[in-house]
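Trainee: Structure for the following, please:
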Amino acid sequence: MPEALRAAAPKAVDITPVLSDAEFARFQRFIFDAAGITLGAAKKPLVTGRLGKRLAVYGLSSYAEYFRLLSSGQHPDETQMAVDLLTTNETYFFREAQHFERLREHALAARQDGRPYRVWSAASSSGEEAYSIAMVLAECLGGAPWEVLGTDISLRVLQDAVRGLYTMERARHLPPELMRRHCLKGTDEHAGRLMVRPELRARVSFGQVNLNEPLPALGRFDFVFLRNVMIYFSDDTKRQVVARVVSTLAPGGCLCVGHSESLNHLTDALRTVAPSMYCLDT
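Mentor: Numbers count the residues shown, from 1 in each chain. Below you'll find the predicted structure:
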């Protein structure tokens, strides 16, 4: 291309609307009311990027117009979509592996009285945590009964969880022997992926639960994973969520949180047994 023509070539223009501070504040309130999640100022680019595509879908010219669409009450599916997009869901198999060793030890020590050993993955995202739990229980409990429940606020990630199909990158910490026993490697169009075997998927159930609201009747659990979710909550919301989750623990049950999280000053109902690990007395 001649130099003169090259200089005159049009430049790519970013036509994504600008998210004003006032509009960002509305979405901060929206996700706090919906899920108890507190978005700091550093999350403004995340909101811009994730919701900008939805403006294009509806042909809207501003985030204010999109917020009015959500607030109208006429698009409940879009409201769920916005909640899904503003919920962080990064996860992988056997994340923070020490917790799964603690689970194995607790499950082996639990009294077997014919009642299933029950575990709740309370922010299960796309299911890797729940299936990691299931692999541990399948290995250590033999023929003893057990159940795993995975819940999340996002319907989008729950659909992925039920499918049980993942990229190999998500399995980078999955022990090879467990992968052989509990997963199928994809071929052809599914090359580079793995699928959790149907017999293990059948032992895990998934459902939508908003931890920021009163819990449905879930029953009692011997072990609960509540990891890497409270970092998005205010202190008041943390206390309310922890109280709800603790109410589901069976005597002697354990609750684990992420390694960067703590229950200090949030509850006195549990005793610390290890970093990020708490138990209810029998």
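
Trainee: Who does Leu165 form a beta bridge with?
Mentor: For Leu165, the beta-bridge partners are Met195 (DSSP bridges).

Trainee: Next, name the residue at the spatial heart of the protein.
Mentor: Nearest to the mean C-alpha position of the chain, counting by Cα atoms, centre = their mean, stands Ser125 at 2.8 Å.

Trainee: Report the secondary structure state of that residue.
Mentor: coil (DSSP: H, G, I helix; E, B strand; the rest coil).

Trainee: Against Glu128, how distant is Glu96?
Mentor: For Glu96, the distance to Glu128 equals 12 Å [Cβ to Cβ, to the nearest Å]. From N, CA and C alone the C-beta is placed, and that goes for glycine too.

Trainee: more crowded one of these two?
Mentor: Each of Glu96 and Glu128 has its neighbours counted (other Cβ atoms under 10 Å); Glu128 has more, 25 against 17.

Trainee: wouldn't the more buried one be in contact with Arg170 here?
Mentor: Yes - in this structure, Glu128 is within contact of Arg170 by Cβ atoms under 8 Å, at 5.8 Å.

Trainee: Overlap of the contact sets of those two?
Mentor: Thr91, Tyr92, Phe93 (Cβ atoms under 8 Å, 6 or more residues apart in numbering).

Trainee: Next, format the residues you listed as CSV and append neighbour count, secondary structure and pLDDT.
Mentor: Shown next, in CSV, are the shared contacts of Glu128 and Arg170 (neighbours: other Cβ atoms under 10 Å; DSSP: H, G, I helix; E, B strand; the rest coil; pLDDT from 0 to 100):
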residue, neighbour count, secondary structure, pLDDT
Thr91, 19, coil, 88
Tyr92, 18, coil, 93
Phe93, 24, coil, 97
